[in-house]
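*Asks:* Predicted model and sequence below, questions to follow.
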Amino acid sequence: MRNTLNTLNTLTTTNSNSKLTNTRKWPSIGHRFHPLQEWEGHVLTAGTTSFTARLRDLTADSTYEEEEAEFPIEEISQQDRPRVQPGAVFTWSIGHEDTVSGVRKRVSVIEFRKPSTISEKDLRDGRA
């Protein structure tokens, strides 16, 4: 299945199963994020305006569901854009953000993993 995330952060998919119950503290004080759906992604190709990734559904019960999606680069934070390279790993979460004032928003968050700081010496010495 191939899905495309558009600039309105909507995804067309047939899987509406949402079983996540964890809550994350949002960077702004008092904001909370309640994930509805989460994927782990691996970048397959990267262009100047978009990238394609293989996604593994983290909310599927015990089944291993994979799909591909194309994301616009504009959905990625400025600090993460240099990480958008083939092989890069990221997490994509869609959920509700609750603010201190009681406003609830549906948000899409894409966070790239930071590169490992393990050195060759650490690997040789078994410290990784």
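*Replies:* Great, that's in hand.
*Asks:* for this protein, which spans come out with low pLDDT?
*Replies:* 1-30, 61-64, 116-123, 125-128 (pLDDT under 70).
*Asks:* Strands of that one, start to end?
*Replies:* 2-4, 24-25, 32-46, 50-57, 66-72, 89-98, 104-112 (DSSP state E).
*Asks:* can you give me the angle the longest one makes with strand 50-57?
*Replies:* Using axes from the mean of the first three to the mean of the last three C-alpha atoms, to 10 degrees, one finds that strand 32-46 and strand 50-57 are set 120 degrees apart in direction.
*Asks:* Partner strands of strand 32-46, with direction?
*Replies:* Next to strand 32-46 in the sheet, as set by DSSP bridges, lie strand 24-25 (antiparallel), strand 50-57 (antiparallel), strand 89-98 (antiparallel).
*Asks:* ok, and what's touching the second one?
*Replies:* Where contact means C-beta atoms under 8 Å, 6 or more residues apart in numbering, the residues beyond strand 50-57 that reach it are 15, 37-46, 64-73, 84, 90, 92. For glycine as for every other residue, the C-beta is placed from the backbone atoms N, C-alpha and C.
*Asks:* Can I get the buried part of those residues as one PyMOL selection?
*Replies:* Selecting only the buried entries of the contacts of strand 50-57 in PyMOL, with 16 or more other C-beta atoms under 10 Å as the criterion:
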select buried, resi 37+38+39+41+43+46+67+69+70+71+84+90+92
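*Asks:* Looking at the strands of the chain, spot the one closest to Gln79.
*Replies:* strand 104-112 (9.0 Å; C-beta to C-beta).
*Asks:* buried stuff in the closest one?
*Replies:* 108-110, 112.
*Asks:* just checking, His59 touches Glu38?
*Replies:* Heads up, residue 59 is Thr, not His. Yes: counting by C-beta atoms under 8 Å, Thr59 touches Glu38, with 5.7 Å between them.
*Asks:* picking that back up, would you turn the strands paired with strand 32-46 into TSV with distance to Arg32?
*Replies:* Formatted as TSV, the strands paired with strand 32-46 follow (distance: least, C-beta to C-beta, whole Å):
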stretch	distance to Arg32
strand 24-25	7
strand 50-57	23
strand 89-98	5
